[in-house]
Structure formats: structure tokens, C-alpha cells
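Novice: Turn this into a structure:
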Amino acid sequence: MIEIRFHAWDRQGVETSVELLALAAMAEGKYVQAFTNQPLQKGAPVKAFVRVNEVPISLAAQIEEPDVAVVLDESLLTVQDVTQGLKKTGILILNTAKAPEEIREIYGYQVTLGVINGNQIAREILGTSMVNTIMLGAVIKVTQIVHLESIEPPMLEHLGRSAPKNLAALQKAYKETVIQERET
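Specialist: You can find the predicted model right below:
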């Protein structure tokens with residue numbers, strides 16, 4: 001089983017991210033749980049969770065020790081410990097313009113890093129600051145949790161006219177995500 005915890009600000013569309021990822025995994029015949037912790041106040045940090053497994057999942061709790069932590073906005077690193085409970089062999093996927101070495105130097109992370117400048121892709125392709133679907137491209141590349149082509153049908157169904165641009169942005173993120181293995 002792989003457990004993923006997403007970190008975002010309220011209204012960054014993280015609910016859509018976990019739903020699309022769950023639908024892609026289900027289309028591949030996997031068992032899935034996906035849910036979100038709604039913030040107590042508007043604009044506050046929010047967490048969302050996805051579990052994917054080849055067999056039925058019996059757990060029904062928040063993910064406290066994820067295999068993967070995904071951060072949609074680098075500013076969250078200054079307000080919460082996004083790596084809290086992250087397994088030592090875990091992966092941190094981060095929307096940032098910084099190189100992995102720079103992230104390690106600033107924050108001291110020793111886990112495997114996946115970094116993508118999602119903000120730049122969002123501006124270039126979507127003309128917006130929304131990175132939720134872009135970050136799915138990074139998640140798929142780093143984790144291989146689903147096949148890239150499995151995300152297309154749920155995106156087309158749920159995103160309507162904006163699906164083609166979002167799919168292009170996701171594919172660009174998949175290609176451009178930089179992975180740096182954990183330091184030992």
C-alpha cells in the first residue's frame with residue numbers, strides 16, 4: 001500500500017487532485033481511499049489523503065506516516081512541518097523554483113525529493129496560479145502509482161473544457177520533475 005498526504009492552502013484545489021488520482025487508480029483496478037481535512041477557517045492550510053493498494057483497504061484514519069508528502073505551495077514549509085511522520089524512506093514532492101540541493105540546504109530534508117516549478121507551468125499553460133493538476137504529473141512520475149495515461153479519462157470527465165490545458169500542464173510536469181534520491 002502507498003499512502004500519500006497532500007499539503008495545500010484552502011482553495012488550491014487539492015480535493016480535485018486526490019479525486020482525480022483516486023479515479024485513475026480505480027480505473028487500473030486498484031483499491032483506493034481519498035479524503036480531505038477541511039480547514040477550520042477560510043484560507044488556512046488543508047491536508048488531503050490518498051491510499052492506494054492492490055487489495056482492499058481496511059484502515060479508516062488520517063495518514064500519519066505517509067510514504068509520500070506532496071506540497072502544492074512552498075510557503076507551507078514555513079507554517080507547518082510537512083515531513084512530520086514521513087517515513088525515512090519517504091518522498092517529498094514540492095512545487096518550487098529551487099533545485100533539490102537548495103531545498104536540502106535550506107530545510108535539511110534527507111528524504112528523496114521530487115521538485116517541479118508548478119507555478120511556472122501554471123502561468124505558461126493555464127494562465128493561472130492553480131497547480132493542483134500539475135502536481136499530479138509530479139506525483140505520477142515520482143511514485144509510478146498509476147500509469148500516466150490513466151489520469152486522462154477522469155480529467156476529461158471532471159474538468160470539462162479546461163481538461164486539455166490541464167492535461168498538457170500535467171504532462172509537462174511529468175517530464176520536468178527532477179528527482180533526487182535521499183541522502184544516506
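
Novice: all strands for this structure, in order.
Specialist: 2-9, 31-37, 45-53, 68-71, 91-95, 112-116, 178-180 (DSSP state E).

Novice: So what are the sheet partners of the first one and their directions?
Specialist: Partner strands and pairing direction for strand 2-9 (DSSP bridges) are strand 45-53 (antiparallel), strand 68-71 (parallel).

Novice: Dump these to a markdown table, plus mean pLDDT and mean neighbour count.
Specialist: C-beta here means a position set from N, CA and C on the backbone, and glycine is covered the same way. Formatted as a markdown table, the strands paired with strand 2-9 follow (pLDDT from 0 to 100; neighbours: other Cβ atoms under 10 Å):
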| stretch | mean pLDDT | mean neighbour count |
| --- | --- | --- |
| strand 45-53 | 95 | 21 |
| strand 68-71 | 98 | 26 |
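
Novice: To Leu148, which of these lies closest?
Specialist: Nearest of those to Leu148, taken as Cβ to Cβ: strand 45-53 at 15.2 Å.

Novice: could you dump the strands paired with strand 2-9 to a markdown table with distance to Glu149?
Specialist: Below are these laid out as a markdown table (distance: least, Cβ to Cβ, whole Å):
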| stretch | distance to Glu149 |
| --- | --- |
| strand 45-53 | 17 |
| strand 68-71 | 21 |
